[in-house]
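Visitor: Following is a predicted model, sequence given first.
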Amino acid sequence: MDKVDIDLLHEITDLKGENFEGAYNIRKNGEGIERKVTENINIVTKKDVSGIDIYVKENTKFEFVHIPVIITESGLNDVVYNDFYIGKNANVIIVAGCGIHNDHHKDSQHDGIHRFFLEEGAKVKYIEKHYGEGEGTGKRILNPVTEVHLKAGATLEMESTQIKGVDSTVRETKGVLEENTNFVITEKIMTHGSQYAKTIFDVELNGKNASTKVTSRSVATENSMQQFESKVTGNTECFGHVECDAIIKDNGKVISIPEIIANSVDANLIHEAAIGKIAGDQLMKLMSLGLNEKEAEQAIIDGFLK
């Protein structure tokens, strides 16, 4: 890997030195280039499609799995299918994401389809970051799909962040939850220029005491556009809370489309949405501390997306 590769990995992962902690698989320009497994975590290349299967043994505690993707080839359209099989009562952290460096005129695209199968009592923290850079006119396109299947007592916490530089993205997340499960999603997106970002959440609460909480924070500036669609279906005694907050600047546009479906009198489902500009009193307060208007706006945005 060269300096561009390392810089991309630093943007999308928690890489501190030259090697990741725990198990990892690095994919570059459509091919796996480095891999490490551990006693409790195995990574196997799929035979039928492009991608990997990740197996975490039951009762594995506090280990890491890193599966970053980097693209530096202009004109590449990369599709990968990754499946995660998390054993009973395991507790692991999975760090994914994709960084695209495009200096040319052809579009570069990565579509990652990730499926999670958590056994009873398993816990996963899943961190996914997306980032684009480069001087070329070719677009940087990312279309992640995440499917989550939780068995009784399982928990998955997902943090999804679009840092900057992504021209177009459609992010789709689906969840199917059994009894006493919890699926927590935190999303942060920043768009500028003429960028477009669409988010789709679809969660089914099928088991008693299943719960989900979706929190979306987004900032749309210049001529960019974002669309947030959420659907939570409660089929029994359950709890669902969706919260979408957005800041718009310049000619930015944000659309929020909520859908909550209660198929049981014991389903407790809530949706909240707030879209608006930066409050003037917030700007004035920061400017009174010595910041100029641009610096004050950036400080507010940084705090909002923190």
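Guide: Yes, it's here.
Visitor: show me where pLDDT drops low in the protein?
Guide: Within the chain, the ranges that satisfy pLDDT under 70 run 17-18.
Visitor: top helix in it by residue count?
Guide: In the chain, with assignment by DSSP state H, the single longest helix is helix 293-305.
Visitor: so what secondary structure elements neighbour it?
Guide: Applying 3 or more CB pairs under 8 Å, 6 or more residues apart in numbering; DSSP states H and E, one finds that helix 293-305 makes contact with strand 182-191, strand 210-220, strand 238-248, helix 280-287. Bear in mind the C-beta positions are built from the backbone N, C-alpha and C, glycine included.
Visitor: so residue 157, which of the three states?
Guide: strand (DSSP: H, G, I helix; E, B strand; the rest coil).
Visitor: Oh, that last question was meant for residue 161, not what I typed.
Guide: Using three-state DSSP, the secondary structure recorded for residue 161 is strand.
Visitor: begin at 49 from here
Guide: Done: numbering now begins at 49, and the last item shifts to residue 209.
Visitor: OK, contacts around it?
Guide: Taking CB atoms under 8 Å, 6 or more residues apart in numbering, we find residue 209 in contact with 176-178, 235-237.
Visitor: can you check residue 93 too?
Guide: 80, 99-100.
Visitor: Mind checking which of those are in strands?
Guide: Judged by DSSP state E, the contacts of residue 93 include 80, 99-100 as members of strands.
Visitor: quick one on the thing from earlier: for the contacts of residue 93, pick the one with the most neighbours.
Guide: Per-residue neighbour counts (other CB atoms under 10 Å) across the contacts of residue 93 peak at residue 99, which has 20 neighbours.
Visitor: Stretch 251-263: which residues count as buried?
Guide: Within stretch 251-263, the residues scored as buried using 16 or more other CB atoms under 10 Å are 251-255, 257-262.
Visitor: Need the residues you listed in a markdown table (columns: distance to residue 291).
Guide: Below are the buried residues of stretch 251-263 laid out as a markdown table (distance: CB to CB, whole Å):
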| residue | distance to residue 291 |
| --- | --- |
| 251 | 14 |
| 252 | 19 |
| 253 | 17 |
| 254 | 22 |
| 255 | 23 |
| 257 | 21 |
| 258 | 18 |
| 259 | 14 |
| 260 | 12 |
| 261 | 8 |
| 262 | 7 |
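Visitor: ok, of those, which one's closest to residue 313?
Guide: Lowest distance from residue 313 to the buried residues of stretch 251-263 (CB to CB) belongs to residue 253, with 13.9 Å.
Visitor: Let me see the contact set for that closest one.
Guide: By CB under 8 Å, 6+ apart, the contact list for residue 253 reads 225, 259-260, 280-284, 286-288, 315.
Visitor: Check whether the residue nearest to residue 127 when sequence neighbours are not counted sits in a helix, strand or coil.
Guide: In space, residue 127 comes closest to residue 159 once its chain neighbours are excluded; the distance is 4.7 Å by CB to CB, 6 or more residues apart in numbering. Secondary structure, three-state DSSP: residue 159 is strand.
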